[in-house]
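Novice: what shape does this take:
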Amino acid sequence: MNSKILLVDDNPTNLKVLSGAMAESGWTILVATDGERALKQAEYALPDLILLDVMMPGINGFETCLKLKSNPKTQEIPVIFITALDEAVDKVKGLNLGAVDYITKPFQQEEVLARVGVHLKLRALSKKLSEQNELLEKQVEERTAKLKQALLDLQQSQLQLVQNEKMATLGQLVAGVAHEINNPVGFIAGNLTQADQDIQNLLNLIHLYQSEYPNCSDKIAAFIDEIDLEFLSEDLPKMIASMQEGTERIRNISTSLKTFSRLDSHSLVEFNVHEGIDSTLVILRHRIKANEQRPEIEVVRDYGEVPEIKCYPGQLNQVFMNILSNGIDAVDESNKGRSYQEIAANPNRILIRTSVEKSNLVILIKDNGCGMSESVRNQVFDHLFTTKAVGRGTGLGLSISRQIIEEKHGGQLSCKSVLGEGTEFIIELPI
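Specialist: Just a heads-up that it's a prediction; the model follows:
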């Protein structure tokens with residue numbers, strides 16, 4: 001390798017002697033007659049070694065060396081002092097400034113060439129070691145990146161397995177329950193219609209008897225008083241109507257269960273997201289309604305005119321379930337320490353708004369619960385991250401939800417939150 005050496009000396013004779021001897025060794029020689037020129041040459045040419053005189057006009061060799069070692073571009077270049085100052089204190093000072101060697105004048109050319117050769121070899125070895133270190137660090141970084149990606153892929157695979165198993169099990173269970181409910185409900189509903197007609201006929205018959213035979217026997221009159229026939233005649237149709245309303249509600253729940261548990265096909269299907277949200281709310285009804293601790297959570301549906309979208313309905317319903325469940329948890333958490341009357345004065349509320357923005361169907365789900373700190377919000381979609389107590393949260397719901405929205409549907413799921421004020425999740429799905 002053709003090494004470059006910078007000679008710095010204000011004595012032309014010394015420069016001539018040294019440059020001539022070194023040029024015969026095959027090295028490229030650069031020269032400078034003072035410290036300022038040496039600094040410029042070193043930064044521009046980046047020599048492999050610098051031979052530096054101490055006693056020079058302007059800045060001396062010690063100051064020049066100090067500036068060389070202070071400059072990131074030149075601090076690694078080895079410096080050899082070559083000077084008439086032969087006191088030990090000068091040698092120590094030069095070495096303390098970062099020089100690798102110290103040669104005193106008068107010098108022997110052979111000694112100078114030998115020392116220069118040794119330090120050039122050391123410099124070459126140092127460069128090679130540095131390059132190998134950089135290569136090793138790069139390989140370590142690449143392998144670390146591959147390991148991180150492998151871990152991420154493994155986590156995503158685990159999430160997908162959990163999601164698939166959860167949805168398959170839930171879907172089969174709920175669909176089975178809905179199917180089993182439908183049969184007896186249909187039987188009851190059909191019989192109630194006929195029972196209503198039969199009861200009306202019997203009541204009409206009783207009224208007809210009363211009008212045709214107003215003077216009944218004492219025994220019949222006593223029984224009429226015992227059963228309160230007048231009240232029974234008014235209440236029985238109401239009971240039938242109430243039972244019919246109950247069976248209709250059961251049918252709606254069953255329909256919602258079937259909508260929620262739709263088993264996804266391998267291809268995207270057209271789906272009305274409002275039906276998915278409504279079915280999820282029906283399933284969560286037991287958590288939304290009033291209880292001993294608080295009034296009913298107010299659910300505001302602000303549905304816009306949105307088209308059906310091609311999606312995996314069962315997976316989208318799972319996202320709605322996860323986000324709405326978290327919203328209910330958040331408002332319940334915010335109620336701690338508040339009385340029933342205080343909550344009623346400032347009621348719990350969950351807003352669900354749908355709209356179309358820039359060719360995307362946007363679903364906003366916002367609660368006025370406890371909210372999240374910035375640090376928690378930044379981790380809310382992380383795998384296995386949860387703020388809930390052991391046994392109450394797995395840290396998978398929102399992570400799975402983001403995967404469903406972003407990887408399965410090409411959309412985006414984001415979160416905004418203010419501690420103490422509430423949280424909103426924004427789902428964006430391409431139309």
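Novice: run through the neighbouring helices and strands of the longest helix seen in the chain.
Specialist: For the chain, the helix that runs over the most residues, judged by DSSP state H, is helix 109-212. Under the contact definition 3 or more Cβ pairs under 8 Å, 6 or more residues apart in numbering; DSSP states H and E, helix 109-212 sits against helix 12-23, strand 49-52, strand 79-83, strand 101-104, helix 229-260, helix 313-334, helix 397-402. For every residue, glycine as well, the C-beta is placed using N, CA and C.
Novice: can you tell me which of the ones you listed is most buried?
Specialist: Across these, averaging neighbours per residue (mean count of other Cβ atoms under 10 Å) puts strand 49-52 on top, at a mean of 26.
Novice: contacting residues around that strand?
Specialist: Applying Cβ atoms under 8 Å, 6 or more residues apart in numbering, the set of residues contacting strand 49-52 from outside is 3-9, 18, 38, 42, 61, 64-65, 68, 77-82, 99, 112, 116, 119-120, 123.
Novice: what's the average pLDDT for it?
Specialist: The predicted model gives strand 49-52 an average pLDDT of 88.
Novice: after that strand, next one along is what?
Specialist: For strand 49-52, the following helix or strand on the C-terminal side (DSSP states H and E) is helix 61-70.
Novice: go through the helix or strand that comes right after the longest helix of the chain and flag the buried ones.
Specialist: For helix 109-212, the following helix or strand on the C-terminal side (DSSP H and E) is helix 218-227. Within helix 218-227, no residue qualifies as buried by neighbour count (16 or more other Cβ atoms under 10 Å).
Novice: extract the CA atoms of helix 218-227 and return them as PDB.
Specialist: As requested, C-alpha coordinates have been extracted for helix 218-227 and formatted as PDB (Å, rounded to 0.1, in the frame of the first residue of the first chain):
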ATOM      1  CA  ASP A 218    -124.300 -18.200  44.300                       C
ATOM      2  CA  LYS A 219    -121.500 -20.700  43.700                       C
ATOM      3  CA  ILE A 220    -120.500 -19.100  40.400                       C
ATOM      4  CA  ALA A 221    -120.800 -15.600  41.800                       C
ATOM      5  CA  ALA A 222    -118.500 -16.600  44.700                       C
ATOM      6  CA  PHE A 223    -115.900 -18.000  42.200                       C
ATOM      7  CA  ILE A 224    -116.100 -14.900  40.100                       C
ATOM      8  CA  ASP A 225    -115.300 -12.800  43.200                       C
ATOM      9  CA  GLU A 226    -112.500 -15.200  44.200                       C
ATOM     10  CA  ILE A 227    -110.600 -15.000  40.900                       C
END
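Novice: what angle do that helix and helix 109-212 make?
Specialist: Compare the direction of helix 218-227 with that of helix 109-212 by axes from the mean of the first three to the mean of the last three Cα atoms, to 10 degrees and you get 160 degrees.
Novice: let me know the angle separating helix 218-227 from helix 229-260.
Specialist: With the same axes, to 10 degrees as the criterion, the two stretches helix 218-227 and helix 229-260 enclose an angle of 40 degrees.
Novice: which other helices and strands does helix 218-227 contact?
Specialist: Taking 3+ Cβ pairs under 8 Å, 6+ apart as the contact cut, helix 218-227 packs with no helix or strand.
Novice: now the helices and strands packed on helix 109-212 in JSON lines, with distance to Lys289?
Specialist: JSON lines is the format used below for the helices and strands packed on helix 109-212 (distance: least, Cβ to Cβ, whole Å):
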{"stretch": "helix 12-23", "distance to Lys289": "94"}
{"stretch": "strand 49-52", "distance to Lys289": "85"}
{"stretch": "strand 79-83", "distance to Lys289": "83"}
{"stretch": "strand 101-104", "distance to Lys289": "88"}
{"stretch": "helix 229-260", "distance to Lys289": "13"}
{"stretch": "helix 313-334", "distance to Lys289": "11"}
{"stretch": "helix 397-402", "distance to Lys289": "22"}
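Novice: all strands for the stretch 301-431 of the chain, in order.
Specialist: Remark: strands of the stretch 301-431 of the chain, listed N- to C-terminal, are 309-311, 349-357, 360-367, 412-418, 422-430; assignment by DSSP state E, counting those that start in this stretch.
Novice: just for the stretch 101-250 of the chain, where's the confidence low?
Specialist: Within the stretch 101-250 of the chain, the set of residues satisfying pLDDT under 70 comprises 156, 159-180.
Novice: apply 90 and report the result again.
Specialist: In the prediction, the stretch 101-250 of the chain carries residues with pLDDT under 90 at positions 101-135, 137-250.
Novice: if we can go back for a sec, and the longest helix of the chain, how far out from the chain middle?
Specialist: The gap between where helix 109-212 is centred and where its chain is centred comes out at 13 Å by Cα atoms, centre = their mean, to the nearest Å.
Novice: work out which residue lies at the spatial centre of the chain.
Specialist: When Cα atoms, centre = their mean is applied to the chain, the residue found nearest the centroid is Phe381 (3.9 Å).
Novice: now that residue. Nearest residue, chain neighbours left out?
Specialist: On the basis of Cβ to Cβ, 6 or more residues apart in numbering, the spatially nearest residue to Phe381 that is not a chain neighbour turns out to be Arg402, at 4.7 Å.
Novice: in what helix or strand does Arg287 lie?
Specialist: Assignment of secondary structure by DSSP H and E places Arg287 within helix 285-288.
Novice: may I have that helix as CSV, with CA atoms only?
Specialist: What follows is helix 285-288 as a C-alpha-only set of coordinates in CSV (Å, rounded to 0.1, in the frame of the first residue of the first chain):
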residue,chain,number,x,y,z
ARG,A,285,-76.2,-5.0,27.1
HIS,A,286,-75.8,-6.7,30.5
ARG,A,287,-72.7,-4.5,31.1
ILE,A,288,-74.2,-1.3,29.8
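Novice: which other helices and strands contact it?
Specialist: helix 313-334.
Novice: any idea which of the helices and strands packed on helix 109-212 gets closest to Val269?
Specialist: Nearest to Val269 among those is helix 313-334; the distance by Cβ to Cβ comes to 6.7 Å.
Novice: the closest one versus strand 412-418: what angle between them?
Specialist: Using the same axes, to 10 degrees, helix 313-334 lies at 10 degrees relative to strand 412-418.
Novice: now helix 313-334: mean pLDDT?
Specialist: Model confidence over helix 313-334 averages 87 on the pLDDT scale.
Novice: what separation do you get for the closest residue to Thr193 other than its chain neighbours and Pro184?
Specialist: Taking Cβ to Cβ, 6+ apart, and ignoring the residues beside it in sequence, Thr193 has Gln244 as its nearest neighbour in space, at 7.6 Å. Summarising the geometry, the distance separating Gln244 from Pro184, computed by Cβ to Cβ, to the nearest Å, is 15 Å.
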